[in-house]
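Peer 1: only geometry, no sequence info:
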């Protein structure tokens, strides 16, 4: 009898098919991170979190991400405390702060027209929003799903934590999965929508940007974004604050801390917490499958929109731009810019597009945060 009771208290006794499926999914994420090096800083903690969140445990034992005081257990679990930082929207702004300290807006400042490419790529967000509405999601759920089209994990999580906490795990895993698969998803569209002649277009080197411009940019960009779309204050504000810490030249210690310790800590906790929230009972649903389909469609739409708009701009520009950089309008920084550069080098080994692609790439970060602000303005309250 004691052996039977001991067995009943093990995870083996409570293991279900759904748990096994999710544990395998977590192992796949970890494998992709280690073997393929697909976004390892994100996929590895998410994958391990998925494994940890789907290991069965006795009822009443406060371990899971949803085991809190309010659910009747003795005390909140450690995992639920981590997840509270996600649910409360704390980690994404901290990540934006760190990203701001690591971002150089020089390419964007020297080529303001690249803002249009970053904006064009946000078509994926609003197209997916409409697609989600068509499939029966509510307006707020559709807004949360739509942000996946910006290829911006922290922004997707931030919006989902406000509007759709019940879909947060699915949205976060979809967003980060597609961010990791940028090198796989984008090249086919680049090849399909551009000619070999267009891929070989060489652009003039970006002009040198002064320190004054670098200092003024985050202040002006924040003011404009906040006044036009007040809902963007949190994310754009933290992004520009981090950038100002870097460019001011007088807060090196704060900049280094925000870009290393704060960013790394927030990334680890957010990624792991998101993983633990993907429990089979809440994750393996029809809605999750639709979210993954919509997420892939969103990413494809964003890439196509950026490429086509770059080609459209060339109809009016005297100095042509390489349309490949339009694909970097999604805000997967700097992966999209690197993919564009690598793809261009296949056709001309002397044509380095990285510095040019970074302009729409960072513009995409701002664009997705502003798009999130638009949704907040429309659907909050």
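Peer 2: Now that the structure is in, tell me what you want to look at. Keep in mind that what you see is a predicted model, and the values were worked out from it rather than measured.
Peer 1: Contact partners for residue 353?
Peer 2: Residue 353 is in contact with 203, 322, 324-325, 340-341, 344-345, counting by Cβ atoms under 8 Å, 6 or more residues apart in numbering. From N, CA and C alone the C-beta is placed, and that goes for glycine too.
Peer 1: Try it again at 10 Å.
Peer 2: 199, 201-203, 321-322, 324-325, 328, 337-338, 340-345 (Cβ atoms under 10 Å, 6 or more residues apart in numbering).
Peer 1: among the residues you listed, which ones are buried?
Peer 2: 199, 201, 203, 321-322, 324-325, 328, 337-338, 340-341, 343-344 (16 or more other Cβ atoms under 10 Å).
Peer 1: For the nearest residue to residue 230 once chain neighbours are set aside, report the pLDDT, please.
Peer 2: The shortest distance from residue 230 to any non-neighbouring residue, by Cβ to Cβ, 6 or more residues apart in numbering, is to residue 377 (6.5 Å). Looking at residue 377, its pLDDT stands at 88.
Peer 1: from the middle of its chain, how far away would whichever strand or helix holds residue 377 be?
Peer 2: Per DSSP states H and E, residue 377 falls inside helix 354-379. The chain centre lies 11 Å from the centre of helix 354-379; the measure is Cα atoms, centre = their mean, to the nearest Å.
Peer 1: got it, and stretch 27-41?
Peer 2: Distance of stretch 27-41 from its chain centroid, counting by Cα atoms, centre = their mean, is 16 Å.
Peer 1: thought the residue nearest to residue 230 was touching residue 162?
Peer 2: No - the pair residue 377 / residue 162 is not scored as a contact, 11.9 Å apart, by Cβ atoms under 10 Å.
Peer 1: who has more neighbours, the two?
Peer 2: Counted by other Cβ atoms under 10 Å, residue 377 and residue 162 do not tie: residue 162 has more neighbours, with 21 against 13.
Peer 1: these two touch, right, the more buried one and residue 235?
Peer 2: No - Residue 162 is not in contact with residue 235 according to Cβ under 10 Å; the separation is 11.4 Å.
Peer 1: hey, what's in contact with both of these two?
Peer 2: Common neighbours of residue 162 and residue 235 (Cβ under 10 Å, 6+ apart) are 89, 372, 376.
Peer 1: so what's the last one closest to, chain neighbours aside?
Peer 2: Sequence neighbours aside, residue 231 is the residue nearest to residue 376 in space, at 3.2 Å (criterion: Cβ to Cβ, 6+ apart).
Peer 1: which residues does the one you found contact?
Peer 2: With Cβ under 10 Å, 6+ apart, residue 231 has these contacts: 159, 162, 225, 369-380.
Peer 1: Look at it and give its secondary structure.
Peer 2: Look at residue 231: counting by DSSP: H, G, I helix; E, B strand; the rest coil, its state is helix.
Peer 1: Distance check, it against residue 351.
Peer 2: Look at residue 231 and residue 351: by Cβ to Cβ, to the nearest Å, they are 39 Å apart.
Peer 1: And for residue 187?
Peer 2: 16 Å.
Peer 1: now swap in residue 270 and tell me
Peer 2: Residue 270 sits 37 Å away from residue 351, going by Cβ to Cβ.
Peer 1: How about residue 129?
Peer 2: For residue 129, the distance to residue 351 - Cβ to Cβ - is 36 Å.
Peer 1: Name the residue in the two with the higher neighbour count.
Peer 2: Shown here are residue 129 and residue 351; by other Cβ under 10 Å, residue 129 has more neighbours (24 against 18).
Peer 1: give me the element the residue lying closest to that one once chain neighbours are set aside is part of.
Peer 2: Nearest residue to residue 129, sequence neighbours excluded (Cβ to Cβ, 6+ apart): residue 146, at 3.5 Å. Assessed by DSSP H and E, residue 146 sits inside helix 139-146.
Peer 1: Just want the angle from that helix to helix 354-379.
Peer 2: 170 degrees (axes from the mean of the first three to the mean of the last three Cα atoms, to 10 degrees).
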